[in-house]
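Asker: 3D, please:
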Amino acid sequence: MTRVVSLFLPTWPTDRYRRGLGQAAPSPAVPLVLVGRDDRRRVVLAADAPAQAAGLRVGMPVTKAQALVPSLIIKDAAPAADAAALARLAVWALRRYAPIVAADPPDGLVIEADGAAHLHGGETAMLADLIARLAASGITARAAIADSWGAAHALARYAGHPVTVMPPGTHIPAIAALPIAALRLPAALLDGLRRLGFERIGDLAAQPRAPLALRFGPEPGRRLDQAQGSRPEPIDPIRPPDLIAVRRVFAEPIGAPETIARFIGTLVVPLCAALEAQGLGARRLDLLLHRVDNHIEAIRVGTALPVRDVRRLTRLLCDRIETIDPGFGIEIISLTATLAEPLAAKQAFVALTLDPETPETGIAELIDTLANRVGEQRLYRFAPVASDVPERSVCRIAPTAPQTGAAWPDPWPRPSRLLPQPEPIETVALLPDHPPVSFTWRGIRRRVKRADGPERVFGEWWRRDAELIAVRDYFQVEDEDGERFWIYRAGDGEDAATGSHRWFLHGIFG
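Answerer: Numbering: from 1, shown residues only. The predicted model follows:
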């Protein structure tokens, strides 16, 4: 089932203007409008959030806007520059999120998320990451994902949430309560429908189509069908000319998996040759298969390191063939290196090794295979962090990332398994310096046979005041069955201000 993301940028022109000025931009709290001409009148073409909160609207005469907000900042609009910047934003989303992305002028993008959302941790995680990255750049955005472009477009603009994820098959009742303006109808049509009492999409959907088409033409029915997903709405993906791409057009449509695999292999060869000519290696490949019914099937694969090995790239692409629905046949196949990075002229063969300092190895090929199946965010390795607090002393890094140079403390060993959160235990112990005689964890009482400690760990006072005097006393204990645990007491055992004096289990030794 097709899953489509609509990205809505409600204040795109003003956000772009502020971003272009950098440090010289006016304060975000000061209302800003961009103006242009409507015949002989100067009118507001874009207003930022403070201006809208002050009652200014698009289409309002500039003189009226100035009268309402004396401190208003007025600048000339640049629609052509806004459109060009929106196209550049679409290219950025193409490289980062999905193989099928297009600008949705004047204030959004449309992204087909099939086969790409799992690479970013799922649909919700992908949209949250998209919104967060734009917010970090000073761009206000909302996003929605649904089974059709029309439904996602309506939800992104009228649902009122930063991120809206509609489960498959639920978009029709979800859009029924939205205003008819969400159907992307011309203003004249909307006025006519409102005069007849139509306010919500559900009101329009409940009417017979023939009288509606007789009075208003085919446009209301077409937009309604597109929003409900009963009529296809193809996305024409953006393809910047600087991308390295190859394509194959077929005189007769193809559909058999083995045929598709054979032609994938023939396309990878010239792509790798083009990459080698420019001294590049592919980090992300997009395979687009254009069906005869005007639908595009897409496959995206990524690599941990730049690659232009024909066998390896062919195998990564062919591993995803089972996700392709050829429909009534595929007439065009295109392969694009969406993301490429510099790579030496030759890739030397190196024996399989797990050493991250030798990245051009067989392990990198295994990492690529797993990442394209389960998502690159789910593959990582742990690295030390310079912190005495155990839960802060480890971080996740990419499987092929270089060593961070940090190391764990040497004097005391650390458990092979650290629990995500310390778990409370019931103990029998003498304060302040003795280990427990016994403890109960997850309903099982364990008698301590041997113990070593305490190892005192202080809080990181520079993070927050509460850690200024906080301490933990860690003990390594062994029970009668020979199992070894890492437990600690919160506090020094004497001063209540240093901690609760409760006991916790934090790790298990292998």
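Asker: list the helices and strands the longest strand belonging to the chain packs on?
Answerer: Using DSSP state E to define each element, the chain has its longest strand at strand 444-458. Counting contacts by 3 or more Cβ pairs under 8 Å, 6 or more residues apart in numbering; DSSP states H and E, the secondary-structure elements packed against strand 444-458 are strand 436-441, strand 471-479, strand 484-490. C-beta coordinates here come from the backbone N, C-alpha and C atoms, glycine included.
Asker: 10 Å instead, please
Answerer: Of the remaining helices and strands, those touching strand 444-458 by 3 or more Cβ pairs under 10 Å, 6 or more residues apart in numbering; DSSP states H and E are strand 417-429, strand 436-441, strand 471-479, strand 484-490.
Asker: Most tightly packed of the ones you listed?
Answerer: Using mean count of other Cβ atoms under 10 Å, the stretch among the helices and strands packed on strand 444-458 with the greatest mean number of neighbours is strand 484-490 (a mean of 23).
Asker: partners of the longest strand of the chain in the sheet?
Answerer: In the sheet containing strand 444-458, its partner strands are strand 436-441 (antiparallel), strand 471-479 (antiparallel), by DSSP bridges.
Asker: Buried residues, the helix or strand bottoming out on mean pLDDT in the chain. List them.
Answerer: When the helices and strands of the chain are compared on mean pLDDT, DSSP states H and E, helix 362-374 comes out lowest with a mean of 75. Neighbour-count burial for helix 362-374 flags 363-365, 367-369, 371-372 (criterion: 16 or more other Cβ atoms under 10 Å).
Asker: try stretch 309-324
Answerer: Going through stretch 309-324 with 16+ other Cβ under 10 Å, the ones that come out buried are 309, 312-318, 320-321, 324.
Asker: now these in a markdown table, with secondary structure?
Answerer: Converted to a markdown table, those look like this (DSSP: H, G, I helix; E, B strand; the rest coil):
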| residue | secondary structure |
| --- | --- |
| 309 | coil |
| 312 | helix |
| 313 | helix |
| 314 | helix |
| 315 | helix |
| 316 | helix |
| 317 | helix |
| 318 | helix |
| 320 | coil |
| 321 | helix |
| 324 | coil |
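Asker: from these, which two are the most distant?
Answerer: Every pair in these was compared (Cβ to Cβ); the two farthest apart turn out to be 309 and 324, at 22.8 Å.
Asker: Grab the most central residue of this protein for me.
Answerer: With the centre of the chain defined as its mean C-alpha position, the nearest residue by Cα atoms, centre = their mean is residue 126, 2.5 Å away.
Asker: Dihedrals phi and psi, that one?
Answerer: In terms of degrees, to the nearest 10, the main-chain angles of residue 126 are phi -70, psi -50.
Asker: can you tell me which of the buried residues of helix 362-374 lies nearest to residue 136?
Answerer: Minimum distance to residue 136 across the buried residues of helix 362-374 is 24.7 Å, recorded for residue 371 (Cβ to Cβ).
Asker: can you tell me how far the closest residue in space to the closest one that isn't next to it in sequence sits from residue 323?
Answerer: Nearest residue to residue 371, sequence neighbours excluded (Cβ to Cβ, 6 or more residues apart in numbering): residue 379, at 5.1 Å. Spatial separation of residue 379 from residue 323 under the definition Cβ to Cβ, to the nearest Å is 19 Å.
Asker: for the stretch 1-150 of the chain, which spans come out with low pLDDT?
Answerer: Low-confidence regions of the stretch 1-150 of the chain, defined here as pLDDT under 70, cover residues 1.
Asker: next one: the stretch 401-510 of the chain
Answerer: Low-confidence regions of the stretch 401-510 of the chain, defined here as pLDDT under 70, cover residues 404, 407-411.
Asker: Repeat the analysis, applying 80 as the threshold.
Answerer: Along the stretch 401-510 of the chain, the parts satisfying pLDDT under 80 run over 401-412, 431-432, 465-468, 510.
Asker: Show the contacting residues for residue 202.
Answerer: Contacts of residue 202 were listed using Cβ atoms under 10 Å, 6 or more residues apart in numbering, and they are 172-173, 175-178, 180.
Asker: which two from these end up farthest apart in space?
Answerer: Comparing every pair within the contacts of residue 202 by Cβ to Cβ identifies 173 and 180 as the most remote, at 16.1 Å.
Asker: Compare those two (neighbour count), which wins?
Answerer: Taking neighbours as other Cβ atoms under 10 Å, residue 173 and residue 180 compare with residue 180 leading, 21 against 10.
Asker: Phi and psi next, for residue 66.
Answerer: phi -70, psi -40.
Asker: my guess is it meets residue 51, correct?
Answerer: No: counting by Cβ atoms under 10 Å, residue 66 does not reach residue 51; the two are 11.4 Å apart.
Asker: Quick check: neighbours shared by those two?
Answerer: Between them, residue 66 and residue 51 share these contacting residues under Cβ under 10 Å, 6+ apart: 33, 72.
Asker: And these two? Which one has more around it.
Answerer: Set side by side, residue 66 and residue 51 show unequal neighbour counts under other Cβ under 10 Å, the larger going to residue 51 at 25 against 14.
Asker: Identify the residue nearest the more buried one in space, chain neighbours excluded?
Answerer: On the basis of Cβ to Cβ, 6+ apart, the spatially nearest residue to residue 51 that is not a chain neighbour turns out to be residue 31, at 3.8 Å.
Asker: burial of the one you found, as a residue count?
Answerer: The criterion is other Cβ under 10 Å. On that basis, residue 31 has 23 neighbouring residues.
Asker: From residue 367, how far off is it?
Answerer: The spacing between residue 31 and residue 367, counted by Cβ to Cβ, is 50 Å.
Asker: Repeat that for residue 435.
Answerer: 42 Å.
Asker: likewise residue 420?
Answerer: Per Cβ to Cβ, residue 420 is found 24 Å from residue 367.
Asker: what does residue 299 give?
Answerer: Applying Cβ to Cβ to residue 299 and residue 367 gives a distance of 18 Å.
Asker: For the stretch 1-150 of the chain, which segments are assigned as strands?
Answerer: Remark: strands of the stretch 1-150 of the chain, listed N- to C-terminal, are 4-8, 32-38, 41-47, 73-76, 100-103, 108-112, 142-146; assignment by DSSP state E, counting those that start in this stretch.
Asker: re the thing from before, and the strands paired with strand 444-458 as TSV, adding distance to residue 279?
Answerer: Supplementary listing: these in TSV, determined by distance: least, Cβ to Cβ, whole Å:
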stretch	distance to residue 279
strand 436-441	57
strand 471-479	52
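Asker: so which of the ones you listed gets nearest residue 402?
Answerer: Nearest to residue 402 among these is strand 471-479 (30.8 Å), distances taken as Cβ to Cβ.
Asker: Give me the distance from the closest one to the chain's centre.
Answerer: Using Cα atoms, centre = their mean, to the nearest Å, the distance from the centre of strand 471-479 to the centre of the chain it belongs to is 41 Å.
Asker: Can you show me the CA trace of that strand as PDB?
Answerer: Coordinates of the C-alpha atoms in strand 471-479 are reproduced here as PDB (Å, rounded to 0.1, in the frame of the first residue of the first chain):
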ATOM      1  CA  VAL A 471      27.100   9.900  45.500                       C
ATOM      2  CA  ARG A 472      26.700   6.100  44.800                       C
ATOM      3  CA  ASP A 473      28.600   3.300  46.500                       C
ATOM      4  CA  TYR A 474      29.000   0.300  44.100                       C
ATOM      5  CA  PHE A 475      29.700  -3.300  45.100                       C
ATOM      6  CA  GLN A 476      30.500  -6.300  43.100                       C
ATOM      7  CA  VAL A 477      28.700  -9.200  44.800                       C
ATOM      8  CA  GLU A 478      28.500 -13.000  44.100                       C
ATOM      9  CA  ASP A 479      25.600 -15.200  45.300                       C
END
